[in-house]
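Q: Make a model of this:
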Amino acid sequence: MKISVDLELCQGHSVCLGECPEIFDVRETKEGYPQVVVLLDSPPAELRDKVMTAVRFCPNHVISVAEE
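A: This is a model prediction of the structure:
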C-alpha cells in the first residue's frame, strides 16, 4: 500500500494522527496552519487497519491509499 495526501485540501484536523500516529503527524506550516505529514508512505501490513480507519475518518477525505 502507498499513502498519499492532497495537501492543498488538508486542514490539519489531526484525526489521522489520532487514528494512526505511527504513520501520520500534524505540524504547523510556515504559513501558520496545521497540516498532515506522512511519516511512512508505504506502511507495513500490520498497520493496514489503522491506516484505513484514518482514511475513512478524515474530515476532508484528503488521504488516499493505492495498492502496490
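
Q: From here on, just use CA atoms for contacts and neighbour counts.
A: OK.

Q: What residues does the nearest residue to L39 once chain neighbours are set aside make contact with?
A: Nearest non-adjacent residue to L39, counting by CA to CA, 6 or more residues apart in numbering: I23, 5.0 Å away. I23 is in contact with L17, V38, L39, L40, D41, P43, V51, counting by CA atoms under 8 Å, 6 or more residues apart in numbering.

Q: same thing but at 10 Å, please
A: I23 makes contact with 3, 16-17, 37-44, 47, 50-51, 54 under the criterion CA atoms under 10 Å, 6 or more residues apart in numbering.

Q: So among these, which ones count as buried?
A: I3, C16, L17, V37, V38, S42, K50, V51, A54 (16 or more other CA atoms under 10 Å).

Q: Give the burial count for the residue nearest to the fifth one when sequence neighbours are not counted, as a bare number.
A: If I follow you right, that is V38. Of all residues not flanking V38 in the chain, F24 sits nearest, at 4.9 Å (CA to CA, 6+ apart). By other CA atoms under 10 Å, the residues close to F24 number 21.
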